[in-house]
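[1] Got a predicted structure here, sequence first:
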Amino acid sequence: MVAVLLGLWCQWGASAPGDEWLRDRVLRLQASQAPENRLVVIDIDEASLAALGAWPWPRSRLASLAELLLGPYQARAVALDLVFPEPADRDGDTRLAMLAQFGPLVLAHAFDFNGSLPLRVGQPTGGAAGERGQSTAASGVVANHAGLAPAKNIGNIGFIPDIDGMLRRLPMQTWYGQRLYPTLSLALLEAAGSNFKLAEGAGPRGAIGSLSDGSLRIPFSRTWEAYTVIPASMILAQQVAPALLADKLVLVGSSSLGLSDRVATPLSASTSGLLVHAAALSSLLDAAQGEAPAPWPGAAIALLFTTAVALLSAYTLMRRSALANIGLLAGASLVWLALVWMVLPHDGMFNSAGPLLAFFFMLAAGVPFAWQMSQRQSRRLLGTLRQYVADAVVDQLLRRNLADPLAPSRCEVTTLIADLEGYTSHVASLPVEQAAQLTRDFLNCLTQPVLEQHGTLDKYTGDGLVAFWGAPLPVADHADQALAAARGITRAMALFNADRLAAGLAPLRVRIGIESGIAMAGDFGSSARSIYTAVGDSVNVASRLETLARDLPHDIVIGPGTAALARREQLLPIGQTTLRGKQEFTALYTLASQAQPAGVPV
């Protein structure tokens, strides 16, 4: 839920860290090199300054440049990305004023939005009376001198860089002196006779990136190489074919480093401000001519995707799978980057990095949670299983990361039941302490071989034990493991009895019954107490065989189920009998190496 709220906040609230960085990289990769044939950029570049003289040029030369563009070259409209706050030669100023008053020539004002040092240079003119609406208020202006006041079309060339110094937005309408001033590209469209308006359908989240304050997030959909840029000196020398400019929109400015009109954009760290206006003009033309990508609900897509990933992440966490959660979030991040690639041209406002931030939060919060849950499960599993099984079996269970390895399940097991014959008579005459020590020593002879053969210790029966193989982990050779454990028990008892004989004590005899078959193995019991055990007919048969050994000259009695599965141990048939609860005969076996009188050390 927190991750979803974070994604929601990023989409309709604050910008997520890294959003602009990611957006810039995608824009740079997506920028098209297809030629932009609807406009032409006239550049007062270094070559032009070298050919015709340093800046500032005579005002009459600039007037001649505008006259050639609007006259012989038949440009549809011309905008000057230049401000003339001081008068110059009268002839040039007069000619520029006449063109700006009666022709499609747009002059510029540079509005200031900083506000720290309000300034007013020149005489602001033009603009439209009306309500402020969705516009950006300016605190100052550098305008043209009073001689150019008759100009009909004025466009703003002032910028508002982002906090990182990057220029990504332009104020489409500037509010100053109770009047509205369009940006230079929009003023150029109006001067050309276009009735272009930012469509309300494009809204604050439209494909061309119109913001709620009236500014435009420039799509930068074309590389700078896509624009036709002509040196101003070639226009003045009339060295350009008229067809190249006929009926085109023309922007005039300078890329010269000496004029300091350089800004950082997503496409380049040092870009002529003139080309920023060209990029804005391209996006406006795309929108006006229906060529802009159709608007998509990028914020809704981001929120739905983040919600879906959050739910899946919660599901994997509940299953205590940290690695699965990491994989999910990594995969979701890659899918989201693909979605950013698709959505970005259609929605200039959605927060591209918001879901990534939410995924990082899920990872930062979820993985420790999953780890903690896993550790808790491991501790519980260890605490329970180490009472019954060898450490190697516990390790395998942990590696398998089963959801509930102790849940009862149907499996094939081999059960071994061992018991001390004549326990009561052996301890009857002993002090309690010695009786307890005898019991511990005897049970140790039984337990160690079981654990060495990776058996599951079911329970102690006072003077014996019950163990089984094949659960909680299925093993193919469970019968052989049980037989090996039985051999180990008799070997341990032989050593134990040798010590007793040396001390002048009577030897002890262990009786062992072994049988294999289907059983239910798992954690049985109540909420107050439970035990990991196996229940089934084969378990009952093993118990009958252990009791039967009392009347046989063999310490180990093996049932037919185990005999059928044994592969490593050689078994010896010792007859058959009818066990309690059975009507048919049960074949009996023992280990070939144990076919000797009971209780004799091996």
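    Cool, the structure landed. Numbers count the residues shown, from 1 in each chain.

[2] rest of the way, CA atoms for contacts and neighbours
    Fine.

[3] what's the closest non-adjacent residue to Gln30?
    In space, and not counting its chain neighbours, Gln30 is closest to Ser221: 7.0 Å by C-alpha to C-alpha, 6 or more residues apart in numbering.

[4] Just the pLDDT at that neighbour, thanks.
    pLDDT, Ser221: 90.

[5] what about it, neighbour count?
    By the measure other C-alpha atoms under 10 Å, the count of residues near Ser221 is 22.

[6] Spit out the contact partners of it.
    For Ser221, the contact set (C-alpha atoms under 8 Å, 6 or more residues apart in numbering) comprises Leu27, Gln30, Ala31, Ser32, Ala279, Ser283.

[7] switch the cut-off to 7 Å
    Ser221 makes contacts with Leu27, Ala31, Ser32, as judged by C-alpha atoms under 7 Å, 6 or more residues apart in numbering.

[8] Quick one: which of those is the most crowded by neighbours?
    Ranked by neighbour count (other C-alpha under 10 Å), these have Leu27 at the top, with 20 neighbours.

[9] Please identify the buried residues of the one helix or strand that residue maps to?
    In the assignment (DSSP states H and E), Leu27 maps to helix 19-30. For helix 19-30, burial by neighbour count (16 or more other C-alpha atoms under 10 Å) applies to Asp19, Glu20, Arg23, Asp24, Val26, Leu27, Arg28, Gln30.

[10] domains in the chain, as residue ranges please.
    For the chain, automatic domain parsing gives the domain ranges 31-288, 298-385, 402-594.

[11] Can you give the contact residues for the helix holding Leu27?
    Contacts to helix 19-30, defined as C-alpha under 7 Å, 6+ apart, come from residues Phe220, Ser221, Pro266, Leu267, Trp341, Asn351, Ser352, Ala353.

[12] change it to 10 Å
    Outside helix 19-30, the residues that touch it by C-alpha atoms under 10 Å, 6 or more residues apart in numbering are 10, 18, 162, 164, 166, 168, 219-223, 265-268, 337, 340-342, 344-345, 348, 350-354, 356-357.

[13] next structured bit after that helix?
    Downstream of helix 19-30, the next assigned helix or strand under DSSP H and E is strand 36-43.

[14] for the stretch 301-450 of the chain, which spans come out with low pLDDT?
    317-322, 363-406 (pLDDT under 70).

[15] again, only this time at 80
    For the stretch 301-450 of the chain, the stretches with pLDDT under 80 are 313-326, 348-350, 354, 357-407.

[16] And the strands in it, which stretches?
    409-420 (DSSP state E, counting those that start in this stretch).

[17] what does the helix or strand harbouring Val557 rub up against?
    Per DSSP H and E, Val557 falls inside strand 556-558. Residues external to strand 556-558 that are found in contact with it (C-alpha under 10 Å, 6+ apart): 416-418, 483, 486-487, 490, 510-516, 541-542, 544-549, 571-574, 587-591, 594-595, 598.

[18] 8 Å - rerun?
    With C-alpha under 8 Å, 6+ apart, strand 556-558 has contacts from 486, 511-515, 542, 545-546, 548-549, 588-591, 594.

[19] Low-confidence regions, the stretch 451-600 of the chain specifically.
    Short version for the stretch 451-600 of the chain, where the test is pLDDT under 80: 523-532, 593-600.

[20] who are the neighbours in contact with Met234?
    Counting by C-alpha under 8 Å, 6+ apart, Met234 makes contact with Ser48, Val240.

[21] looking at this, it is in a helix?
    Yes. Assessed with DSSP: H, G, I helix; E, B strand; the rest coil, Met234 lies in a helix.

[22] pLDDT value on it, please?
    Reported pLDDT for Met234: 96.

[23] what's the answer for the one 3 residues further on, then?
    Predicted confidence (pLDDT) at Ala237: the value is 95.

[24] closest to Ala498 among the contacts of Ser221?
    Leu27 (86.6 Å; C-alpha to C-alpha).

[25] Tell me what angle the strand or helix carrying Ala486 forms with strand 409-420.
    Assessed by DSSP H and E, Ala486 sits inside helix 478-502. With axes from the mean of the first three to the mean of the last three C-alpha atoms, to 10 degrees as the basis, helix 478-502 and strand 409-420 are set at 20 degrees to each other.

[26] so how far is helix 478-502 off the chain centroid?
    The chain centroid and the centroid of helix 478-502 are separated by 57 Å under C-alpha atoms, centre = their mean, to the nearest Å.

[27] Please tell me I have it right and Ser254 contacts Ala47.
    No. Taking contacts as C-alpha atoms under 8 Å, Ser254 lies outside contact range of Ala47: 11.0 Å.

[28] Now do Glu20 against Ala467, distance only.
    Glu20 sits 65 Å away from Ala467, going by C-alpha to C-alpha, to the nearest Å.

[29] nope, Asp112 is what I meant
    87 Å.

[30] again, but for Leu572
    Applying C-alpha to C-alpha, the value for Leu572 to Ala467 is 23 Å.

[31] Tell me which of the two has more neighbours.
    Between Leu572 and Ala467, Ala467 has the larger neighbour count (other C-alpha under 10 Å), namely 27 against 16.

[32] That one belongs to a strand?
    Yes. According to three-state DSSP, Ala467 belongs to a strand.

[33] what bridges to it?
    Leu416, Leu457 (DSSP bridges).

[34] That one and Lys459 touch, don't they?
    Yes. Look at Ala467 against Lys459 with C-alpha under 8 Å: they come within range, at 7.2 Å.

[35] Could you quantify the relative orientation of the host helix or strand of Leu251 and strand 36-43 as an angle?
    Using DSSP H and E, Leu251 maps to strand 249-253. Comparing the axes of strand 249-253 and strand 36-43 via the same axes, to 10 degrees yields an angle of 30 degrees.

[36] ok, and what's touching the helix or strand following strand 249-253?
    Per DSSP H and E, the first helix or strand lying C-terminal to strand 249-253 is strand 262-265. Applying C-alpha under 8 Å, 6+ apart, the contact partners of strand 262-265 are Gly165, Met166, Leu167, Arg168, Ser255, Ala269, Ser270, Thr271, Ser272, Gly273.
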